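Asks: Here's a sequence, model it:
(one chain, ligands or ions: 2)
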Amino acid sequence: MITKAPQHCCRLFLPRTRLVTTSSISPCRAALQAGRTTLSTRNNLTAAPAARRSLSTATDALLSPRPPALAAPAFRAANLSVPPRPALALARGLHSSRPTLLDASKSTMTQYKEKACLIGSGNWGSAIAKIVGRNVTEHDGFDREVKMWVFEEMINGEKLTEIINTKHENVKYLPNIKLPPNVKAVPDVVETCHDATVLIFVVPHQFVKGICQKLVGRIRPDARAISLIKGVDVSAMGLTLVSDLIKQNLNVDVSVLMGANIANEVAAENFCETTIGYSDPDNAEVLKKLFHTPYFRVSTVPDVAGVEICGALKNIVALGAGFVDGLRYGDNTKAAIIRLGLLEMKKFAKMFYSGVRDETFLESCGVADLITTCSGGRNRRVAEAMVTTGKPLDVLEKEMLNGQKLQGTLTAKEVYEILSRQNLTHEFPLFTVIYRISFESLPASHIVRDL
Ligand SMILES: NC(=O)C1=CN([C@@H]2O[C@H](COP(=O)(O)OP(=O)(O)OC[C@H]3O[C@@H](n4cnc5c(N)ncnc54)[C@H](O)[C@@H]3O)[C@@H](O)[C@H]2O)C=CC1
Ligand SMILES: O=C(CO)COP(=O)(O)O
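Replies: Ligands and ions are numbered 1, 2, ... in the order given. This is a model prediction of the structure:
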């Protein structure tokens, strides 16, 4: 049973330390809120394009005689349950390939089918494609084809998309694992997404902004999204969750999925758990069907920000665990880094976002992901090698990961930037020392000295 989500608020830190709060309970409400924020700060700041776009969408919806974007809230206001997707689609007046009112009255309405697509095909993207590709064939109500956007590259003179579509294997990012044949690799991101109702974002976080920009106005208006991306976005505007970035650009509801999920182990079907953070219970229901398997156990919690911040920040702690391993300090020290890391993750989440739940940190996305990443993750492995070889992290990332990307290094930089802008580094000594060891040539032994 999926319970209704409370309203989450995120505090966005802006230049000149202005604090602005935006609501994220529904796209329409968020749009209005974002717009209000923009208007109220117009004298001090240039209005964000996404916020301006959101405001005009929301205002259009309010002024239109049959406001499409207000369909779902209107059903709620009338104390009716939210309509099933076909009714919602009708209320939103979608294009003609959808069931029409006329069809419905003649009882010829074709069955509404969810259509999932994947934006990303790296190590985790491919492991999750295996699960989603199989689940859409095992549950009713899903289109069997799952398109997967692949950042095209040549492997021994052959396109990666062609290899995936013929061998059904991502030979570069997830070798020796067969993908279901209904997963179709597509090199064009718009073609991948244009007819999907569920957009699964699973790219390294540095690429998500550019991808969203390509998708603006090119997706179905009734689509929903889920982000599996572990990272945050930092710009002159402040800190933005990846889920909020997607929501602001595409005006869709965004859930998140994070957990103790090293891709190769999930692909081998070794049992593990994961956490979906949601704000719309209807979406959580569909997403659970799409991801849950007996070996990949999904829990749902009404806490998007809490789940997502856990996923992003644990990668910084993993670098710390790697430094400790490189120094051969032993398991007690590593356990201390994990515990202190968990405390800073929680403090950061609660300081920057209201509505984050304590219980979230005990889910798979919290303590369990910390443990797994600090044992078997890429961030830990590369950080250990930095200590043992003396080479910089970016060099080792290229040497050791065959095109896979570290997320902890950029996140450490981004979080440090936010903390130093707000004069908060002293409140987060672990995050701060990990940044300094990674980027300011501080000797790794400071990992314990500076705490
Ligand atoms: N690998 C893992 O075990 C897990 C990863 N994650 C998260 O999933 C997200 C995606 O990671 P992975 O699938 O592991 O990716 P990866 O690190 O294995 O692969 C990198 C991906 O980035 C693509 N790429 C390279 N240059 C690009 C560009 N300019 N534009 C767009 N894409 C480009 C590559 O084609 C490749 O698909 C990350 O946020 C990661 O933290 C989450 C759970 C487990
Ligand atoms: O997020 C992960 C496991 O849950 C993977 O972590 P790494 O990116 O450090 O490999």
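
Asks: residues contacting residue 382?
Replies: Applying C-beta atoms under 8 Å, 6 or more residues apart in numbering, we find residue 382 in contact with 322, 393, 396-397, 400-401, 406. Every residue, glycine included, has its C-beta placed from N, CA and C.

Asks: Also residue 255?
Replies: With C-beta under 8 Å, 6+ apart, residue 255 has these contacts: 224-227, 243, 276-280, 283-284, 287, 304.

Asks: for stretch 153-164, the distance to its chain's centre please.
Replies: 27 Å (C-alpha atoms, centre = their mean, to the nearest Å).

Asks: how long is it end to end?
Replies: Across stretch 153-164, the terminal residues are separated by 12 Å (C-alpha to C-alpha, to the nearest Å).

Asks: and it, which residues are buried?
Replies: Neighbour counts over stretch 153-164 (16 or more other C-beta atoms under 10 Å) mark 160-161, 163-164 as buried.

Asks: So which of the contacts of residue 255 belong to strands?
Replies: Among the contacts of residue 255, the members found in strands (DSSP state E) are 224-227, 276-277.

Asks: From these, pick the one nearest ligand 2.
Replies: residue 227 (13.1 Å; C-beta to the nearest ligand atom).

Asks: So what sits opposite that closest one in the bridge?
Replies: On the basis of DSSP bridges, residue 227 is bridged to residue 201, residue 256.

Asks: Secondary structure element holding residue 394?
Replies: Using DSSP states H and E, residue 394 sits within helix 393-401.

Asks: for that helix, packing partners?
Replies: Secondary-structure packing of helix 393-401 (3 or more C-beta pairs under 8 Å, 6 or more residues apart in numbering; DSSP states H and E): helix 378-389, helix 408-421.

Asks: Over the last one, what's the mean pLDDT, rounded is fine.
Replies: Which is helix 408-421. Averaging pLDDT along helix 408-421 yields 98.

Asks: same question, the shortest one
Replies: Per-region confidence: helix 378-389 scores 98 on mean pLDDT.

Asks: any bit of it sitting next to ligand 2?
Replies: Yes. Using C-beta under 6 Å from any ligand atom, helix 378-389 reaches ligand 2 at 378-379.

Asks: quick one, that helix and helix 408-421 angle?
Replies: Per axes from the mean of the first three to the mean of the last three C-alpha atoms, to 10 degrees, the angle that helix 378-389 makes with helix 408-421 is 90 degrees.

Asks: In CSV: the helices and strands packed on helix 393-401, plus distance to residue 138.
Replies: What follows is the helices and strands packed on helix 393-401, written out as CSV (distance: least, C-beta to C-beta, whole Å):
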stretch, distance to residue 138
helix 378-389, 31
helix 408-421, 35
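
Asks: which one of the ones you listed lies closest to ligand 1?
Replies: Closest approach to ligand 1 among those is made by helix 378-389 (6.9 Å; C-beta to the nearest ligand atom).

Asks: Would you enumerate the residues in contact with the residue nearest to residue 419 when sequence neighbours are not counted?
Replies: Of all residues not flanking residue 419 in the chain, residue 425 sits nearest, at 4.9 Å (C-beta to C-beta, 6 or more residues apart in numbering). Neighbouring residues of residue 425 by C-beta under 8 Å, 6+ apart: 416, 419, 432.

Asks: Sketch out the low-pLDDT regions of the stretch 101-250 of the chain for me.
Replies: For the stretch 101-250 of the chain, residues meeting the criterion pLDDT under 70 lie at 101-109.

Asks: Show me what from it comes close to ligand 1.
Replies: So the stretch 101-250 of the chain meets ligand 1 at 120-125, 151, 173, 202-205, 207, 228-231 (C-beta under 6 Å from any ligand atom).

Asks: if we look at ligand 2, which of these are close to it?
Replies: Filtering these for proximity to ligand 2 (criterion: C-beta under 6 Å from any ligand atom) leaves residue 230.

Asks: Can you turn the buried part of the contacts of residue 382 into a ChimeraX selection?
Replies: Only the buried members of these enter the following ChimeraX selection, criterion being 16+ other C-beta under 10 Å:
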select :322,393,396,397,406
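
Asks: wait, which of the contacts of residue 382 is closest to residue 260?
Replies: Closest approach between the contacts of residue 382 and residue 260, by C-beta to C-beta: residue 322, at 17.1 Å.

Asks: ok, and the closest non-adjacent residue to that closest one?
Replies: Distance criterion C-beta to C-beta, 6+ apart; nearest residue to residue 322, sequence neighbours excluded, is residue 383 at 2.5 Å.

Asks: Would you agree the one you found is in contact with residue 393?
Replies: Yes. Contact criterion C-beta atoms under 8 Å: residue 383 and residue 393 qualify, at 7.0 Å.

Asks: Near the closest residue to ligand 2 within the stretch 301-450 of the chain, how many other residues are there?
Replies: Residue nearest to ligand 2 within the stretch 301-450 of the chain (C-beta to the nearest ligand atom): residue 377, separated by 2.8 Å. Here the count is done by other C-beta atoms under 10 Å, and residue 377 has 24 residues near it.
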